[in-house]
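Undergrad: need a structure here:
(one chain, ligands or ions: 2)
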Amino acid sequence: MGMKKIKIFDAEPGMILAKPVVVLHSKGRELMQPGFVLEKPHIKRLGIWGIESIFIETYDGDDDNNQIFNESVRMLARQTYEDAISSLAKISKNLISDKECDISQVARTISHILEVISLEQGVLSILSKLREADEYIYKHNVDVCVTALILGRAMNLNNDQLHDLGTACLLHDLGLAAYKNEKWDNSQITKEPENIRKHPLRSAEMASQIKGIGKDAITIINQHHEYVDGSGYPEGKKSDEIILLSRICAVSEAYNTLVSPYENENKVDPHEAMVKVVDPKFNRFDPEVLRAMISNMAIYPAGTFVQLNNAMRAVVISSTKDNPLRPRLLVLYESETKPIKPFPADLSQPGYQEWYIDKVVPSDNIMKSIEHIVRL
Ligand SMILES: [Fe+2]
Ligand SMILES: [Fe+2]
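TA: Ligands and ions are numbered 1, 2, ... in the order given. As a prediction, this is how the structure comes out:
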């Protein structure tokens with residue numbers, strides 16, 4: 001059995017959805033899960049709601065299982081991300097001004113994020129491109145929450161643990177938002193070591209005002225900058241003194257701080273951030289969590305343009321979970337300016353042991369490569 005993408009006007013009653021379809025309308029959202037059997041009224045409604053194409057199950061080997069995101073899931077991801085930021089901003093303002101707040105407001109946001117992640121593993125790449133929200137701290141907290149929940153699901157955490165983890169990550173840096181509210185600017189927050197060291201405690205203090213918040217969620221917030229080698233803060237706790245959920249939060253925190261730092265000039269691309277976080281030179285992070293990260297978040301996604309240690313330049317064709325740092329490539333350039341006849345190179349094979357990826361070349365250079373391939 002395969003799947004096929006069809007235009008909505010080619011849909012017929014009895015066809016079975018192979019990918020979820022989400023429809024946003026004035027009364028909320030409606031989700032049609034894979035396996036849903038379409039009837040005439042559904043097809044009509046999908047057309048009215050502006051869904052242009054759907055994925056249906058096929059039995060004739062006509063497999064069109066490409067990696068194109070379902071348009072409606074993309075819309076849902078965007079909506080969920082924006083909702084998460086605005087509800088977090090509201091919660092934060094209530095906490096800062098001592099207004100009542102209860103856990104159901106946070107729980108709803110976590111459930112929505114989990115729903116999107118369960119629909120599409122690659123959702124992180126959608127979410128990480130949404131950088132429109134102006135409040136850095138809220139955006140950062142939501143990003144840390146999404147990454148941590150992807151890692152948590154990959155590590156088979158149960159639903160209660162996922163909710164504690166998601167809640168803590170969503171609130172982990174609210175202490176910084178409180179400083180900001182007291183007219184502290186970003187540079188004071190990030191450059192003043194004392195403030196940095198205190199913010200987990202301040203965030204935990206704020207979060208503990210939320211009625212019904214779990215004990216573990218507070219512990220995670222307190223420990224989100226503790227590292228397994230003891231080099232973290234505020235207490236310099238080590239390995240098992242830090243609970244697993246905090247160790248997941250710490251990895252997510254480090255990754256997202258590299259991808260989207262306070263000061264934009266230090267920003268790195270997602271693949272560089274992954275390489276930095278999983279670098280064996282550091283013993284800061286729990287190896288189990290790093291393994292989950294390597295297996296579930298592509299370090300060099302297909303299409304990435306890279307430079308090798310021998311100065312050759314290539315496009316990543318595919319990579320495997322077992323060996324994500326050594327993908328299959330199509331080599332296009334002998335050096336920065338010297339094109340060659342393209343040839344494949346699988347870095348996971350013994351013949352390429354001496355080759356490794358030196359750096360990722362900015363994506364605008366990919367266009368040059370494509371022109372080069374077309375010319376050959
Ligand atoms: Fe923090
Ligand atoms: Fe943070």
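Undergrad: name the element the residue of the stretch 251-376 of the chain found nearest ligand 2 belongs to?
TA: The minimum distance from the stretch 251-376 of the chain to ligand 2, using C-beta to the ion, falls at Glu253 (4.6 Å). For glycine as for every other residue, the C-beta is placed from the backbone atoms N, C-alpha and C. Element membership for Glu253 (DSSP states H and E) is helix 244-259.
Undergrad: list the buried ones in the helix or strand following that helix?
TA: Moving toward the C-terminus from helix 244-259, the next helix or strand (DSSP H and E) is helix 270-278. By 16 or more other C-beta atoms under 10 Å, the buried positions in helix 270-278 come out as Pro270, His271, Ala273, Met274, Val275, Val277, Val278.
Undergrad: check these one by one and keep those near ligand 2.
TA: For ligand 2, no contacts are drawn from those by C-beta under 5 Å from the ion.
Undergrad: hmm, who's touching stretch 305-312?
TA: Contacts of stretch 305-312 with the rest of the structure, by C-beta atoms under 8 Å, 6 or more residues apart in numbering, involve 300, 313-316, 329, 331, 333-336, 354-363, 365-366, 369.
Undergrad: out of those, which end up buried?
TA: For the contacts of stretch 305-312, buried by 16+ other C-beta under 10 Å: 300, 313-316, 329, 331, 333, 355, 357, 360-361, 369.
Undergrad: turn the residues you listed into TSV, including secondary structure and distance to Gln105.
TA: Output for these, formatted as TSV (DSSP: H, G, I helix; E, B strand; the rest coil; distance: C-beta to C-beta, whole Å):
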residue	secondary structure	distance to Gln105
Tyr300	coil	38
Arg313	strand	49
Ala314	strand	48
Val315	strand	45
Val316	strand	41
Leu329	strand	47
Val331	strand	52
Tyr333	strand	53
Trp355	coil	51
Ile357	strand	44
Val360	strand	39
Val361	coil	44
Ser369	helix	48
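Undergrad: report the two of those separated the most.
TA: Trp355 and Ser369 (18.1 Å; C-beta to C-beta).
Undergrad: can you map out the helices along the chain?
TA: Under the criterion DSSP state H, the chain contains helices at 40-48, 71-96, 103-119, 123-127, 136-154, 159-171, 174-181, 186-191, 193-207, 215-223, 244-259, 270-278, 287-296, 364-375.
Undergrad: for stretch 15-24, what is the distance to the chain centroid?
TA: Its chain's average C-alpha position is 23 Å from that of stretch 15-24, according to C-alpha atoms, centre = their mean, to the nearest Å.
Undergrad: do the same with stretch 39-57
TA: Offset of stretch 39-57 from its chain centre (C-alpha atoms, centre = their mean): 29 Å.
Undergrad: near ligand 2 too, which of the contacts of stretch 305-312?
TA: Counting by C-beta under 5 Å from the ion, nothing from these sits close to ligand 2.
Undergrad: from Glu52, how far out is the residue of the stretch 151-300 of the chain at minimum distance from ligand 2?
TA: Closest contact between the stretch 151-300 of the chain and ligand 2, by C-beta to the ion, is at Asp173 (4.1 Å). Distance, Asp173 to Glu52, by C-beta to C-beta, to the nearest Å: 39 Å.
Undergrad: neighbour count winner among these two?
TA: Higher neighbour count among Asp173 and Glu52: Asp173, with 27 against 11, using other C-beta atoms under 10 Å.
Undergrad: may I see the helices of the chain arranged in JSON lines, with mean pLDDT as well?
TA: Below are those laid out as JSON lines (pLDDT from 0 to 100):
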{"stretch": "helix 40-48", "mean pLDDT": "80"}
{"stretch": "helix 71-96", "mean pLDDT": "79"}
{"stretch": "helix 103-119", "mean pLDDT": "83"}
{"stretch": "helix 123-127", "mean pLDDT": "50"}
{"stretch": "helix 136-154", "mean pLDDT": "89"}
{"stretch": "helix 159-171", "mean pLDDT": "94"}
{"stretch": "helix 174-181", "mean pLDDT": "70"}
{"stretch": "helix 186-191", "mean pLDDT": "53"}
{"stretch": "helix 193-207", "mean pLDDT": "84"}
{"stretch": "helix 215-223", "mean pLDDT": "96"}
{"stretch": "helix 244-259", "mean pLDDT": "94"}
{"stretch": "helix 270-278", "mean pLDDT": "83"}
{"stretch": "helix 287-296", "mean pLDDT": "87"}
{"stretch": "helix 364-375", "mean pLDDT": "54"}
